[in-house]
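# Fold the following.
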Amino acid sequence: MDASTARGPDLPLENRARSGLSRLTKLTQPQRRFLIFLALGLAFIFRLAFGLCSPLWTGSEDEKQIYLIGLKFFTTRAWPWFGPDVTNTIQIPGALQGLLVGLPFYLLPLPEAPYILLNILSFASLCLLAWYFARRLPEVPAWLIWSWLLTTPWTMNVSTNIYNPSYVLTGSV
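Sure thing, here's the model as predicted:
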């Protein structure tokens, strides 16, 4: 069988892309866009499920204290003047962390509400960073950049569970 009559797997590698055998090249622009949004939606659900399935209170007391600062703001409606403890007698001044944990309870009064907001913020930040990397490094495949950034262990462990450094990712991007 010569190259002119070859079909499917018998087709030489350099001619396969031109022959239209790739299903992604046959998709229209709206179909491709739908697949991209579907993949991003599945990645968000995976990250959210990972954060919700990880242990809520580890050996550190940070997670519990930060969650309780936001819960206190929601239940008492008192402005959270201070953040987490540094030592037994010193607290970090500022209300941002208490607001980031407490405000989602007003939108969705579920115990998981702060985790959902944290995952939305970190996912949006990682998507922005992946988009920038894909534009900045065109020789690296975009799928590799996106999948790498959305599933690296430090982004999965830190930015899907509530404790002190969880919100740093959003501010740093």
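# what about V86, distance to Q65?
Per C-beta to C-beta, to the nearest Å, V86 is found 11 Å from Q65. (Each C-beta comes from the backbone N, C-alpha and C, glycine too.)
# now S172
23 Å.
# got it, and R136?
Applying C-beta to C-beta to R136 and Q65 gives a distance of 39 Å.
# Neighbour count for V86 and Q65, which is higher?
Using other C-beta atoms under 10 Å, the more surrounded residue of V86 and Q65 is Q65, with 16 against 9.
# What about the closest residue to Y115 other than its chain neighbours? Give its phi and psi, please.
Leaving aside its chain neighbours, Y115 sits nearest to G51 (5.5 Å; criterion: C-beta to C-beta, 6 or more residues apart in numbering). Taking degrees, to the nearest 10, you get phi -70, psi -40 for the backbone angles of G51.
# Surely G51 touches I120?
No. The criterion here is C-beta atoms under 8 Å, and G51 misses it with I120 at 11.2 Å.
# higher neighbour count, these two?
G51 (22 against 14).
# How many residues are close by I36?
12.
# quick one: it from W154, how far?
For I36 relative to W154 (C-beta to C-beta), the value is 25 Å.
# where do the strands sit along the protein?
Per DSSP state E, the chain carries strands over the ranges 82-85, 91-93.
# How far away from the center of its chain is stretch 55-73?
The chain centre lies 21 Å from the centre of stretch 55-73; the measure is C-alpha atoms, centre = their mean, to the nearest Å.
# okay, that stretch in CSV with CA atoms only?
Presented in CSV, the C-alpha positions along stretch 55-73 are these (Å, rounded to 0.1, in the frame of the first residue of the first chain):
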residue,chain,number,x,y,z
PRO,A,55,-9.2,17.3,56.5
LEU,A,56,-10.7,20.5,57.9
TRP,A,57,-8.7,20.7,61.1
THR,A,58,-5.1,19.4,60.8
GLY,A,59,-2.5,19.5,63.6
SER,A,60,-2.3,23.3,63.3
GLU,A,61,-4.8,25.5,65.0
ASP,A,62,-4.7,28.1,62.2
GLU,A,63,-7.5,26.6,60.2
LYS,A,64,-9.9,26.5,63.1
GLN,A,65,-9.0,30.0,64.3
ILE,A,66,-9.4,31.6,60.9
TYR,A,67,-12.7,29.9,60.3
LEU,A,68,-13.9,31.0,63.7
ILE,A,69,-12.9,34.6,63.1
GLY,A,70,-15.2,34.6,60.0
LEU,A,71,-17.9,32.7,61.8
LYS,A,72,-17.8,35.2,64.7
PHE,A,73,-18.1,38.1,62.2
